[in-house]
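In: Below is the structure, and that's it, no one-letter string:
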């Protein structure tokens, strides 16, 4: 398969049917089989985003799939990213750069104008890879949206892509999902679907066989796989992620509370901490769930001022301030870091405009602007003092993505010293004072060095400094998970049939 790539599209009967992981697993399988593979999703809606080496922004789902394919993430793999700013609007990012904020109705009318950008991105990938695994979004049977579709069957038509349709049996009604979706497709669209997948199955496959036989007879399509529910630890999409449930372990050595803000973004920052034995990392939605953790983290958010107002109104801010006064360690990441300061100002209307009092835990202020900082960074933690002294010197690597700049009101200890991965600057960033610190770096805890420093610091504070802990580099861990995903799919998918679909295309 050299020259122009062949393609395969994974669509789902609903959101969270498992499209992203199926696409990632197929990327890994094709790569293991010797092909150059790239993922592609024309339009992604997510608050979990990533900054490429070029300083461009894309959705993390396609980054995860690129990692599975063992290739470098590129905005060509996700030319349109929508980042919700409210229930009715999103920030529109095209080819990695912000086009502006749009209401849903305005974007619905606008998105057809982005088809040339989608096709240009795909055509570039097509010349660089052997196989492109395309992911749809939501369901292709949203009949109110089909006239302007650029991500499901509309995209499949544009790219002449054969489609595998996946249903989620774990949520129930999988036969109705698959048959009903096919019923609502137009004849031309039905012809593009080459096979069905039953995903997230728990139990004895033989019990499914009568239903599978009826499904085949009704749709006239093969079921190319019954994929078991696999317990894997890979990056999730936003609000539907099970990670965001309060799953704290009351018997763990350490209790870390992450505030689940309404516009929480980049919660993947905390995956490395969550998977550590002996650590209970939980997402807190209200004051009754905060308790007395060893560390409170204010995460990133797409709406700093709005989410600070939410904490202020529901009482979480008051409890965090009391915890800080009592000596609890407080960390802020990106938007959470901005909240920790004394004042927030939005003269250009990047977050709706206005001024707002911050939490006052750091003597610093933030001024928002419409210009977005986007850069990969690496560096190390500065020589800190007091409750965070144990972090000093730890190596870090991640990326910055924020609108606005934060400056100290008086002389203040910087949190880390970073440099841009692609050159062109760097320097001190973030601040620390006593038991409060903040940083703009996403992925702060991904290195084994930072994990080790933070956990040992918290253990020592509880008199448990001699407890053995295991730390693993996040990148190495993910590669193991991709191999497990691929192995599970090889066992449950008819890969011979899938390769035949690839070779045949849409004749």
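Out: Thanks, I have the structure now. Here the structure is a predicted model, which is why all the values come from computation and not from measurement.

In: So, low pLDDT: which residues of the stretch 251-400 of the chain?
Out: Filtered on pLDDT under 70, the stretch 251-400 of the chain yields no residues whatsoever.

In: What are the boundaries of the helices in it?
Out: In the stretch 251-400 of the chain, the helices defined using DSSP state H, counting those that start in this stretch lie at 271-274, 304-314, 316-325, 335-339.

In: where exactly do the helices run in the stretch 401-507 of the chain?
Out: Going by DSSP H, counting those that start in this stretch, the stretch 401-507 of the chain shows helices at 448-461, 474-492, 495-504.

In: Nearest to residue 7, out of these?
Out: Each of the helices of the stretch 401-507 of the chain has some distance to residue 7 by Cβ to Cβ; the shortest is helix 495-504, at 7.9 Å. Where C-beta positions appear, they are placed from N, C-alpha and C, glycine not excepted.

In: For the closest one, give the mean pLDDT please.
Out: On average, the pLDDT along helix 495-504 is 93.

In: contact partners of that helix?
Out: 6-8, 26, 29, 131, 162, 164, 194-195, 222, 224 (Cβ atoms under 8 Å, 6 or more residues apart in numbering).

In: repeat for stretch 138-155
Out: Contact with stretch 138-155 is made by 9, 11-15, 41-43, 80, 108-109, 111-112, 114-115, 118, 134, 136-137, 161, 163, 165, 180-181, 184-186, 189, 192, as judged by Cβ under 8 Å, 6+ apart.

In: Could you pull up the residues touching residue 434?
Out: Taking Cβ under 8 Å, 6+ apart, one finds 386-387 in contact with residue 434.

In: Roughly how far does it sit from residue 182?
Out: Distance of residue 434 to residue 182, given as Cβ to Cβ, to the nearest Å: 61 Å.

In: and if you look at residue 36?
Out: 33 Å.

In: Pick out whichever of these two has more residues nearby.
Out: Here residue 36 and residue 182 are compared on neighbour count by other Cβ atoms under 10 Å; more neighbours surround residue 182, at 21 against 17.

In: List the residues that contact that one.
Out: 165, 190, 193, 218-219, 221.

In: Mind checking which of these are buried?
Out: 165, 190, 193, 219, 221 (16 or more other Cβ atoms under 10 Å).

In: would CSV of those with secondary structure, distance to residue 498 and pLDDT be doable?
Out: Putting these into CSV (DSSP: H, G, I helix; E, B strand; the rest coil; distance: Cβ to Cβ, whole Å; pLDDT from 0 to 100) gives the following:
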residue, secondary structure, distance to residue 498, pLDDT
165, strand, 13, 98
190, helix, 19, 97
193, strand, 13, 98
219, helix, 17, 96
221, coil, 13, 97
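
In: For the nearest residue to residue 100 once chain neighbours are set aside, the count of nearby residues, please.
Out: Sequence neighbours aside, residue 92 is the residue nearest to residue 100 in space, at 6.1 Å (criterion: Cβ to Cβ, 6 or more residues apart in numbering). Number of residues near residue 92 (other Cβ under 10 Å) recorded here: 20.

In: moving C-terminal of the helix or strand hosting residue 92, what's the next helix or strand?
Out: Using DSSP states H and E, residue 92 sits within strand 89-94. Later in the chain than strand 89-94, the nearest helix or strand by DSSP H and E is strand 97-103.

In: for that next one, packing partners?
Out: If contacts are counted by 3 or more Cβ pairs under 8 Å, 6 or more residues apart in numbering; DSSP states H and E, strand 97-103 sits against strand 89-94.

In: so the strand it packs on versus strand 97-103, what angle?
Out: 150 degrees (axes from the mean of the first three to the mean of the last three Cα atoms, to 10 degrees).

In: Does anything pack onto strand 89-94? Which helices or strands?
Out: Packed next to strand 89-94, using 3+ Cβ pairs under 8 Å, 6+ apart, are strand 80-86, strand 97-103, helix 104-110.

In: And the contacts of the last one?
Out: Surrounding helix 104-110, the residues in contact under the criterion Cβ under 8 Å, 6+ apart are 82, 88-90, 92, 102, 145, 148.

In: Tally up the residues packed near residue 327, please.
Out: For residue 327, the number of neighbouring residues by other Cβ under 10 Å comes to 10.

In: circling back to that earlier point, and the contacts of helix 495-504, which of them are in strands?
Out: Using DSSP state E, 6-8, 131, 164, 194-195, 224 are the members of those that sit in strands.

In: could those be laid out in CSV, adding neighbour count?
Out: Listed next are the ones in strands among the contacts of helix 495-504 as CSV, based on neighbours: other Cβ atoms under 10 Å:
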residue, neighbour count
6, 20
7, 23
8, 21
131, 22
164, 25
194, 23
195, 21
224, 23
